[in-house]
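**Q** the following block contains a protein sequence and its predicted model.
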Amino acid sequence: MGSDRIELILKRFRNRGELRPESGAVEEVAWRTRTPTRTRSGQRIRKDEMAPQSEDFRVQVEGIDLTIAAETRRILVEWLGVDPATEQEQIDREALRLQQMTEDAAAQFEQATPDATYRDAVRAKETAWRAAREMVLEGELYPQVTPEIRAAQEEFEVGLDQRIEERREAARAAQDPDRWRTRNVRPNPTAGRVVERVWVSKPGWFLSLAEALIAQRIEDNQPVPMTSRDPLADELAAMIEDEMRRNPSQDPDLPF
């Protein structure tokens, strides 16, 4: 790596506190929050190239930088369709490859920045590591999510949104009285405000069902409670709690 390029990269990190993802880094890849289609792409490490795990390998994996480990898992699982239940070793080996590349690049960065004091040396080491890590992730990991994969994901999400909307519209037109139980109701900001005002202290699963029920009642031109003291609030709460008993959530504090 040329000294000019090393200096250019290091300039981006001097005077920074913590690394923040910039456009073109983490956020450019994670432009959707939902888990995308499981798309297979050309993988850098073939299964037949993997040797049985040794104790030394496991120790190396445990020492991988947390950001490198997390980003490798996210890209391979969410974007490239790698199954962590059966292919965890592939994830580990790719993360280890990126870790080793980062260590090599960081060593070159450190050599390019002579330091006068111990504090300068520590700061230079930290800056070199952050710069090397971002360079390796942007150059080796994120490009594995190709434009074709992104296009396929966008097409999938558009189709999924259309199918969800069609299903909600059909249920609304039929005035299915139980559609709130499966949250097959179009989200309504007014419903969210009503739920916050009436049942603010309830757990997440209750609030999620309550918002669907209120949104449904608004769609069907039915009354909704305005305060927690409204008798209708107790009546609807009983319906929601009955649904929670019928179909209990693994964690009632979560909204799903």
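**A** Received the coordinates, thanks.

**Q** residue 80 touches residue 145, doesn't it?
**A** Yes: judged on CB atoms under 8 Å, residue 80 makes contact with residue 145 at a distance of 7.5 Å. For the C-beta atoms, the positions are set from N, CA and C on the backbone; glycine is no exception.

**Q** the stretch 51-200 of the chain: helices as residue ranges?
**A** Taking DSSP state H, counting those that start in this stretch, the helices of the stretch 51-200 of the chain run over residues 55-62, 66-74, 84-111, 118-136, 147-173, 189-198.

**Q** ok, and for stretch 214-229, which residues are buried?
**A** 214, 215, 216, 217, 218, 219, 224, 225 (16 or more other CB atoms under 10 Å).

**Q** between those residues, which is nearest residue 69?
**A** residue 215 (39.9 Å; CB to CB).

**Q** residues touching that closest one, list them.
**A** 180, 185, 186, 187, 188, 191 (CB atoms under 8 Å, 6 or more residues apart in numbering).

**Q** repeat that with 10 Å
**A** The contact partners of residue 215, by CB atoms under 10 Å, 6 or more residues apart in numbering, come to 168, 172, 179-180, 183, 185-192, 194-195, 224.

**Q** which of these are buried? Put it as a ChimeraX command.
**A** A single ChimeraX command is used to select the members of the contacts of residue 215 judged buried by 16+ other CB under 10 Å:
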select :168,172,179,180,183,185,186,188,191,194,195,224
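
**Q** and which of the contacts of residue 215 is nearest to residue 205?
**A** Closest to residue 205, out of all of those and judged by CB to CB, is residue 183, at 10.8 Å.

**Q** buried ones in stretch 66-75?
**A** 68, 69, 71, 72, 73, 75.

**Q** what does stretch 158-175 give?
**A** 168, 171, 172.

**Q** excluding sequence neighbours, find me the nearest residue to the last one.
**A** Residue nearest to residue 172 in three dimensions, not counting chain neighbours: residue 219, with 5.4 Å by CB to CB, 6 or more residues apart in numbering.

**Q** I'd like to know which helix or strand in the chain has the lowest mean pLDDT.
**A** helix 26-29 (a mean of 36; mean pLDDT, DSSP states H and E).

**Q** and for the closest residue to residue 129 other than its chain neighbours, the neighbour number?
**A** Nearest non-adjacent residue to residue 129, counting by CB to CB, 6+ apart: residue 106, 4.8 Å away. Residue 106 is flanked by 21 other residues according to other CB atoms under 10 Å.

**Q** wait, residue 106 touches residue 68, no?
**A** No: with contacts defined as CB atoms under 10 Å, residue 106 does not count as touching residue 68, sitting 11.8 Å away.

**Q** which neighbours do the two share?
**A** 133, 136.

**Q** re earlier: which of the buried residues of stretch 66-75 sits closest to residue 133?
**A** Using CB to CB, the buried residues of stretch 66-75 come closest to residue 133 at residue 68, 6.4 Å.

**Q** so who does the closest one touch?
**A** Contact analysis of residue 68 by CB under 10 Å, 6+ apart lists 94, 95, 96, 97, 98, 99, 101, 102, 133, 136, 137, 141.

**Q** distance check, residue 167 against residue 186.
**A** For residue 167, the distance to residue 186 equals 10 Å [CB to CB, to the nearest Å].

**Q** thank you kindly, that will do.
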